[in-house]
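In: need a structure here:
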Amino acid sequence: MRIPLSVLLVAALTLGGCAVVRDSAVNPFNWFGRSTSVPVAAGEPAEATNPLIPQRTGILSRRDTEVDAYVGLPFGEVVDMTIEKIPEGAIIRVTGRAARQGIYAVQLTPEDEDLTPIDGVLSFRLEGIEPARNLPQGAPQTREVVVARKVTNQQLRGVDTIRVEGLSNARVARR
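Out: Numbering: from 1, shown residues only. This next block holds a predicted model:
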């Protein structure tokens, strides 16, 4: 009778303690909260240049030493953002919805090249390259893409908020 009673008592205390751990900072799922959607301030329009037209041509031009710049445009809408804690830092996983189908080479472009937080905010833009030919708009599910980016513990030092911007909205997750 003593053993089942003691096992029942230990199980009850253990399960009762789970509610405390669930809401505490010890639980890694609580390190960054759920993301929320916020409006984006209107910015300057992107420069309309064609990346397929070369800037330098000729036999003696040195194309092999040039670094190709990423020419992605911001996505229309950031649908969801989750931040998953890993031992080396965190993985930022973002779902975006484009204006039409066929967007490729999607990436999270940091606002600051060095990934240093500005006032505790680490900001990214969700960008992708549009195809040269017109594709149908399609259903919203066919226009969604998921992209992820790993950030290290050193890059997360001093970060209170992670922000991912699109054209119409931005998603924000706070610690």
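
In: Distance check, residue 124 against residue 9.
Out: Applying CB to CB, to the nearest Å, the value for residue 124 to residue 9 is 50 Å. The way it works is simple: take the backbone N, C-alpha and C, and place the C-beta from them, glycine included.

In: neighbour count winner among these two?
Out: More neighbours surround residue 124 than the other of residue 124 and residue 9, with 25 against 10 (other CB atoms under 10 Å).

In: does the more buried one count as helix, strand or coil?
Out: Remark: residue 124 carries the secondary structure label strand [criterion: DSSP: H, G, I helix; E, B strand; the rest coil].

In: if I read this right, it contacts residue 108, doesn't it?
Out: Yes: A contact is recorded between residue 124 and residue 108 when judged using CB atoms under 8 Å, the distance being 4.2 Å.

In: any shared contact partners between the two?
Out: Counting by CB atoms under 8 Å, 6 or more residues apart in numbering, the contacts common to residue 124 and residue 108 are 92, 94, 149, 164.

In: Let me know the average pLDDT across the strand or helix carrying residue 85.
Out: Taking DSSP states H and E as the criterion, residue 85 maps to strand 77-86. Taken as a whole, strand 77-86 has an average pLDDT of 93.

In: tell me how far it is from the chain's mean position?
Out: 5 Å (CA atoms, centre = their mean, to the nearest Å).

In: List the neighbouring strands of that strand plus their orientation.
Out: Its sheet considered, strand 77-86 pairs with strand 89-97 (antiparallel) by DSSP bridges.

In: Export only the CA atoms of the partner strand, formatted as PDB.
Out: The C-alpha coordinates for strand 89-97 follow below in PDB (Å, rounded to 0.1, in the frame of the first residue of the first chain):
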ATOM      1  CA  GLY A  89      21.300  29.500 -31.900                       C
ATOM      2  CA  ALA A  90      17.900  29.600 -33.700                       C
ATOM      3  CA  ILE A  91      16.200  28.800 -37.000                       C
ATOM      4  CA  ILE A  92      13.900  31.500 -38.300                       C
ATOM      5  CA  ARG A  93      11.200  29.800 -40.500                       C
ATOM      6  CA  VAL A  94       9.000  32.100 -42.500                       C
ATOM      7  CA  THR A  95       6.000  31.400 -44.800                       C
ATOM      8  CA  GLY A  96       5.400  34.100 -47.400                       C
ATOM      9  CA  ARG A  97       2.600  34.500 -50.000                       C
END
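
In: How much space separates residue 80 from residue 147?
Out: If you measure residue 80 against residue 147 using CB to CB, the figure is 11 Å.

In: Quick check: neighbours shared by the two?
Out: Counting by CB under 8 Å, 6+ apart, the residues touching both residue 80 and residue 147 are residue 94.
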